[in-house]
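Q: Quick one, fold the following:
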Amino acid sequence: MAKNSNYVAAENRYEKMHYRRTGNSGLLLPELSLGLWHNFGDNDNFKNGRNILKCAFDNGITHFDLANNYGPSPGAAEENFGKILKKDFKNYRDELIISSKAGYGMWPGPYGDNGSKKYLISSLDQSLQRMNLEYVDIFYHHRPDPKTPLEETMGALDLMVKQGKALYVGLSNYQPSEAEKAFEILKDLGTRCLIHQPKYNIFDRWIEDGLLNLLKNSGVGSICFSPLAQGILTDKYLSGLPKDSRAIKESPFLTTDQVLETLPKIIALNKIAKDRNQTLAQMAISWILKDNRITSVLIGASKTEQILDSVKAIENTQFSEEELRKINEITYNNKPL
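A: Residues are numbered from 1 along each chain as shown. Next up is the predicted model:
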């Protein structure tokens, strides 16, 4: 068993990050949050995961985003995070925002998926056990479940807060009409929805059609995942398809055809980024943060250099009207990625 580290966080970590208020709540989140969807599973390098988390925290990223099924295998990311938390962050728990979710398939049988009270309460209990925590800061319902009454699902989230197992609750992947109903149910129960986690990037803008305004008017924050469109909005594909890319492997989330179709657009976007003295990835993150209705952008990282590159994005989140016009011309009518 590895010994606990002598990790001491950088003293100037909070000077390196900007923080935004989450809706109408008292909670501030960093403009960048770290997601553990990839790179913390059974087959990933544990030492590398430790270094990624320490690098993130040293740069003011206080929010770590997990889910019950992150791995592979499902649950592995939470288990590994729990070990790292114990080794490196034991003295920093009160400076961290740790979130988890449930809503996708997790275990066999009728109680391991969707949105029933049975599944959600059991799942949170398992997540707390895997991470060796008494509570999570935020717990999300990961996706809507049309077969379960919304009152039951929201009732489960409310119960978690009242049991002290979650400080706040949120939703992910809910459409505006579903989200609005959920907000009202939670409000009536006495537990307001803190935050919504949708997919959003330059190529996939569905939340602009009603959701962002709903969140603002409801006093609910937003944290966006997939800001780089599965790696499309990076320099990874500017020179063609690398052999190790997810596209070459025909990932269910990204195909070779998608990359090839989008290539002329990312080359054009990269030119705008260069004119802004940014990388394409930095500009993609900055473009999301230009909107003050956005609380935080959820990034992933397989190495510390990607964290450091992403942090530079917060230095310039202002866009001229001409830059926005060019970006819209390039991406208009693009198929969501």
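
Q: And the helices in the chain, which stretches?
A: Assigned helices in the chain, in chain order: 46-58, 76-88, 117-131, 150-162, 176-189, 211-218, 256-275, 280-289, 304-311, 321-331 (criterion: DSSP state H).

Q: okay, the ones you listed, which one's buried deepest?
A: helix 280-289 (a mean of 24; mean count of other C-beta atoms under 10 Å). For glycine as for every other residue, the C-beta is placed from the backbone atoms N, C-alpha and C.

Q: Now do that one against helix 256-275: the angle between them, please.
A: Helix 280-289 and helix 256-275 meet at an angle of 80 degrees, taking axes from the mean of the first three to the mean of the last three C-alpha atoms, to 10 degrees as the criterion.

Q: Now helix 280-289: average pLDDT?
A: For helix 280-289, the mean per-residue pLDDT is 98.

Q: So what touches that helix?
A: Helix 280-289 is contacted from outside by 31-32, 200-202, 224, 227-229, 233-235, 238, 266, 269-270, 272-273, 276, 278, 294, 297, 299, 309-310, 312-314, 316-317, 319, 327, using C-beta atoms under 8 Å, 6 or more residues apart in numbering.

Q: what's the offset of that helix from the middle of its chain?
A: How far helix 280-289 lies from its chain's middle: 15 Å, per C-alpha atoms, centre = their mean, to the nearest Å.

Q: got the angle for that helix vs helix 304-311?
A: Helix 280-289 runs at 40 degrees relative to helix 304-311, counting by the same axes, to 10 degrees.

Q: quick one: helix 280-289 to helix 321-331, angle?
A: Counting by the same axes, to 10 degrees, helix 280-289 points 110 degrees away from the direction of helix 321-331.

Q: still on that earlier bit, show me how to select, in ChimeraX, the buried members of the contacts of helix 280-289.
A: In ChimeraX, this line selects whichever of the contacts of helix 280-289 come out buried by 16 or more other C-beta atoms under 10 Å:
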select :31,32,200,201,202,224,227,228,229,233,234,266,269,270,272,273,276,278,294,297,299,309,310,313,314,317,319,327
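
Q: wait, what's in contact with N59?
A: Counted by C-beta under 8 Å, 6+ apart, N59 has contacts 10, 13, 16-17, 307-308, 311.

Q: Now flag whichever of those is closest to E180.
A: Of all the contacts of N59, M17 has the smallest distance to E180: 31.5 Å, by C-beta to C-beta.

Q: Correct me if wrong: A76 contacts Y70.
A: Yes - using C-beta atoms under 8 Å, A76 is in contact with Y70, at 7.4 Å.

Q: Common neighbours of these two, please.
A: Common neighbours of A76 and Y70 are listed as 40-41 (criterion: C-beta under 8 Å, 6+ apart).

Q: pLDDT weak spots in the stretch 101-250 of the chain?
A: For the stretch 101-250 of the chain, the stretches with pLDDT under 70 are 242-250.

Q: if you set the cut-off to 50 instead, what comes out?
A: Regions of the stretch 101-250 of the chain meeting the criterion pLDDT under 50 are absent.
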